[in-house]
Structure formats: C-alpha cells, structure tokens
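>>> Compute the structure for the input listed below.
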Amino acid sequence: MKYVVLIGDGMADRPIDELGGLTPLKKASTPNMDKIAQKGIIGSVRTIPEGMHPGSDVANLSILGYNPAKYYTGRAPLEAASIGVMLNENDVAYRCNLVTLKFDKDRTHAVMDDYSSGHITTEEAKELIEAVRVGLGSDDIKFYPGVSYRHLMVWENGSVNIECVPPHDILEKEITDYLPIGERDEVLRGLMRKSVDILEGHPVNKERLKNGKKPANSIWLWGHGKRPNMPTYKERYGLKGALVSAVDLTKGLGIYAGFEILKVPGVTGWLDTNYVGKAEYALNALKDVDFVYIHVESPDEAGHSGNHKDKIRAIEDFDRLVVGTVMKGLKDRFEDYRILLMPDHATPIKVRTHTNEPVPFVIYDSRNERNNKGISYDESIVERKDIMVVNEGYRLMDYFIKGIEL
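Residues are numbered from 1 along each chain as shown. Next up is the predicted model:
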C-alpha cells in the first residue's frame, strides 16, 4: 500500500461578495479534486486544537498524526531543522521575517505593510540577512538565511516566555502594540529596531525601490521555541516516508518525522512554483518509500495577500498540475494506494490570516471506491450531515494509515 497526502495550504476560505457569495475553492475549476471527493470518504477535521494558534506548524503537525498539545514547541525549531541548524538544549529559535514597514513622516510610528517584503527573492534576501548577521550577530545571537523572506535567529540561553505576534496577522496595523513582550523582550525589540538602520540603506533595497518593489527594511521575530522530541514514522507506523515542500517549517516537520526531504528545483511557495515537479518527484520517491507528503503553499500566500484572483489561480494550478499529475501517476504505477486530500487550515481572503474552523478532507482508497454523485470538493462538505467528523485532527492519520476507527 502506498500513501499520498496532498495539502493545499490555506485553501479553505469564507464567502466573498465579489464572487457572488462563493469561496475561491467553490469558484475555482477543480475537476481532479471533485473526482476524488466523488469516489472517496468525505469529512470534516479540526486541525487546530482548542486554545492553540492556527498556524501551519500546528495544523501540519496535527495532519501528520502528532498531538500538538504534546509535541508542539514552536515554529522556528522546525525551520531550524530544515536549514540544517542543530539546536542545543538551551537554544531558542526564532523565525526571522524580512518585512516591509511603512513609517510616518516623523518616523515615530510604523505600519506592517508587507510580511514578505513583496515576496523578495532568496538571492536578495541572503545579502540582507548577511548584513544583519554582521551588524547584529554575537556569541549569543546568530542569524541564518532561509528562503525568500523566511529566515532564522537562534538565541543561546534565550527566553521562551515572550509573546510574539506573526507579521501576517497585523497587516496594515500600527506595530507598537504588537512588538514582543515578556521576559527579556528588550533584546528582541532592540534587534528589530537596529535592523532598520542596517537594512534601509542597503544596496539591495535601494535597487528594489528603484524598480518599484517593496524594500525589506526590517526584521520581525516570532514563532519561537526549543527543539521538539518526536517519534519517527518508522517508529510509529513502520513506514518510510518522503516530503516535498517549499516551506522550511514543513520540511522541518518531515525531518523530525524521519522523512527524506525531496529537493525539487524551482519550488518557491508562490504562484510560480514548480507544481508538476513536486508531483513527479513524489511519485518517483514512491518506488523506495511507502508514504509521501506533498505540501503546496501558494493558496495560503494568496490568502494572506487578500487577492481572490491569485487564490483561485493557485487552487486551479494545484488541482491541475499536482492533484491531476499524482492521480494519473498512481493509477499508472500502483494498484493499491490511498490519497488524503485537504488544506491544513483556512486562510480567508477577508481576514488575510489563518483561522481555526474545521476544514474538508477526502480519503480515497483505490481498492474501495465510493459513489458520492454530485459532490464537489469545497467547504460545503463540512456542513453535510453524512460525513466523517474528526474533532481531534491528529487522530485522522491513524485512520488513514491503520484504519483505526475514530
């Protein structure tokens, strides 16, 4: 048996007036996902436990079958694993975004203009993070480059008792009330403030401004935590696995789960990502492994940007280039396989951030096709009475792999 998980990050949404009350998922043309829904087990799953922040880290941890209440320590430690940074027992890792702040004339107030600095390229970002490392790094504070706007700061003997806010949660808001607060918060605030002096005059940002692009004029620290202690999939399920994603936190989860991380050229996490490459690399990996996890970030990024046209495009590309490619490849190469299709959480266009409502899922089994005539894969599945309801999201994987009743 081969197992394939297809994640359209943030794909679920809420009704939008400009779409006649439809969601982007309902508006999009998704024949491949609809086909899976019509032949599989449909259901609703709550991936975010009560009281936890609706982040992709928590949600994907749940989907992979790990109880976030037991295993979640923070987002940044996962990203550290992805970029090859080994955390010591006393290290605290922080996500380090390159963001665009918009200052007033007196430069006494600033608004969070863009959490991604206009989806800055990895090449540009590496130059900027290197400048931050040289200017702000020390024996206790170290900076590491990641992908695009997503980077890492590690604080030796740092504090975990600090409240930090994700930058994508405060778009177009004045940042004063959202700066880090808690034990030794002055360290983080000082780093963020000093980074502006380093970044604003950097040649990379001067060139970006010249070309009409948003500057990466500040760092933003959040998502902190210490390294987690998780059993591997081999230990839990007796399975070898592989994962493909453009996002470091997802790759970090895969590393802790003991997966092979597939290195696909051209994956960006945005609309220009190599969708087909992700699908083909995953299919090829199934020659040697039992389980593949395919994560696509672009619907989530479009949700954060508040652009429903981009989100529809991302969903349609995911359906056509990833889901369609995987379905055909599985049918051509294997007899016995299961597919789990779902978003990790909703990222509604109206709020431009993650929310914690239940999301629709489908489990397709090549040996046991269902007959759900007329079903479309969208949020309406959650409202149906004839579905499987999973309130503890981490238990869904046990059902998917082992058939354990919920």
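
>>> Apart from its neighbours in sequence, what residue is nearest the residue nearest to the spatial centre of the chain?
Closest to where the C-alpha atoms of the chain average out (Cα atoms, centre = their mean) is S56, at 4.6 Å. Nearest residue to S56 in three dimensions, chain neighbours excluded: D344, at 5.6 Å (Cβ to Cβ, 6 or more residues apart in numbering). Heads up, the C-betas are built off the backbone N, CA and C, glycines and all.

>>> Count the neighbours of D288 for me.
Close neighbours of D288, defined as other Cβ atoms under 10 Å, add up to 9.

>>> Go ahead and report the secondary structure state at it.
coil (DSSP: H, G, I helix; E, B strand; the rest coil).

>>> Just the pLDDT at it, thanks.
We note a pLDDT of 97 for D288 in this prediction.

>>> quick one: the closest residue to it other than its chain neighbours from P228, how far?
Leaving aside its chain neighbours, D288 sits nearest to K240 (7.1 Å; criterion: Cβ to Cβ, 6+ apart). The gap separating K240 from P228 is 21 Å, by Cβ to Cβ, to the nearest Å.

>>> before we move on, what about E124?
Applying Cβ to Cβ, the value for E124 to P228 is 31 Å.

>>> and if you look at E200?
E200 sits at a distance of 36 Å from P228 (criterion: Cβ to Cβ).

>>> quick one: which of those two has more around it?
Neighbour count, other Cβ under 10 Å: between E200 and P228, P228 has more, with 19 against 16.

>>> Tell me which residues touch the more buried one, please.
Applying Cβ atoms under 8 Å, 6 or more residues apart in numbering to P228 gives the contacts Y71, Y72, T73, P77, L78, Y256.

>>> Now flag whichever of those residues is closest to V160.
T73 (8.6 Å; Cβ to Cβ).

>>> Go ahead and confirm that closest one touches H224.
No. When contacts are counted by Cβ atoms under 8 Å, T73 is not listed as touching H224 (9.2 Å).

>>> just to revisit the earlier point, now do the contacts for the residue nearest to the centre of the chain.
S56 is in contact with D9, G10, V247, L249, T250, D300, D344, H345, H354, counting by Cβ under 8 Å, 6+ apart.

>>> Next, count neighbours for the last one.
Burial of H354 is recorded as 25 neighbouring residues (other Cβ under 10 Å).

>>> For it, give its distance to N368.
Separation of H354 from N368 (Cβ to Cβ): 33 Å.

>>> same thing with the second one?
Taking Cβ to Cβ as the criterion, G10 is separated from N368 by 30 Å.

>>> more neighbours, the two?
For G10 versus N368, neighbours defined as other Cβ under 10 Å are more numerous around G10 (29 against 11).

>>> quick one: the closest residue to I41 other than its chain neighbours and E379, what's the gap?
Spatial nearest neighbour of I41, excluding adjacent residues (Cβ to Cβ, 6+ apart): I363 at 4.5 Å. Note on I363: its distance to E379, by Cβ to Cβ, is 17 Å.

>>> more crowded one of those two?
The neighbour count for I363 versus E379, taken as other Cβ under 10 Å, is higher for E379 (24 against 20).

>>> hang on, that one packs against A12?
Yes. E379 lies in contact with A12 (Cβ under 8 Å); the separation is 5.6 Å.

>>> intersection of neighbour lists for the two?
Joint contacts of E379 and A12 (Cβ under 8 Å, 6+ apart) are T23, L25, A346, V359, P360.

>>> So which of the residues you listed belong to helices?
Cross-referencing these against helices under DSSP state H gives L25.

>>> Now render the shared contacts of E379 and A12 as TSV, adding neighbour count.
Below are the shared contacts of E379 and A12 laid out as TSV (neighbours: other Cβ atoms under 10 Å):
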residue	neighbour count
T23	24
L25	25
A346	27
V359	27
P360	26
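
>>> Looking at the shared contacts of E379 and A12, which one is closest to D104?
Using Cβ to Cβ, A346 is the member of those that lies nearest D104, at 33.5 Å.

>>> residues contacting that closest one?
G10, M11, A12, D13, R14, G303, H354, T355, E357, V359, E379.

>>> Determine which two of these are furthest apart.
Among the contacts of A346, the pair separated by the greatest distance (Cβ to Cβ) is H354 and E379, at 15.0 Å.

>>> Tell me the spacing between the residue with the largest distance to the centre of the chain and T100.
Distance from the C-alpha centroid of the chain peaks at D106, with 36.3 Å (Cα atoms, centre = their mean). Taking Cβ to Cβ as the measure, D106 falls 19 Å from T100.

>>> again, but for E183
The separation that E183 has from T100, given Cβ to Cβ, amounts to 29 Å.

>>> ok, now K173?
From K173 to T100 the distance is 13 Å (Cβ to Cβ).

>>> of T73 and H224, who's got more company?
Using other Cβ under 10 Å as the criterion, T73 and H224 rank with H224 on top: 26 against 20.

>>> the longest strand in the chain is where?
strand 91-103 (DSSP state E).

>>> Going by neighbour count, list what's buried in that one.
Within strand 91-103, the residues that count as buried by 16 or more other Cβ atoms under 10 Å are D91, V92, A93, Y94, R95, C96, N97, L98, V99, T100, L101.

>>> Mind putting the residues you listed into JSON lines with pLDDT and distance to H119?
Listed next are the buried residues of strand 91-103 as JSON lines, based on pLDDT from 0 to 100; distance: Cβ to Cβ, whole Å:
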{"residue": "D91", "pLDDT": "96", "distance to H119": "29"}
{"residue": "V92", "pLDDT": "97", "distance to H119": "28"}
{"residue": "A93", "pLDDT": "96", "distance to H119": "23"}
{"residue": "Y94", "pLDDT": "97", "distance to H119": "21"}
{"residue": "R95", "pLDDT": "94", "distance to H119": "16"}
{"residue": "C96", "pLDDT": "97", "distance to H119": "16"}
{"residue": "N97", "pLDDT": "97", "distance to H119": "12"}
{"residue": "L98", "pLDDT": "98", "distance to H119": "10"}
{"residue": "V99", "pLDDT": "98", "distance to H119": "12"}
{"residue": "T100", "pLDDT": "98", "distance to H119": "11"}
{"residue": "L101", "pLDDT": "98", "distance to H119": "16"}
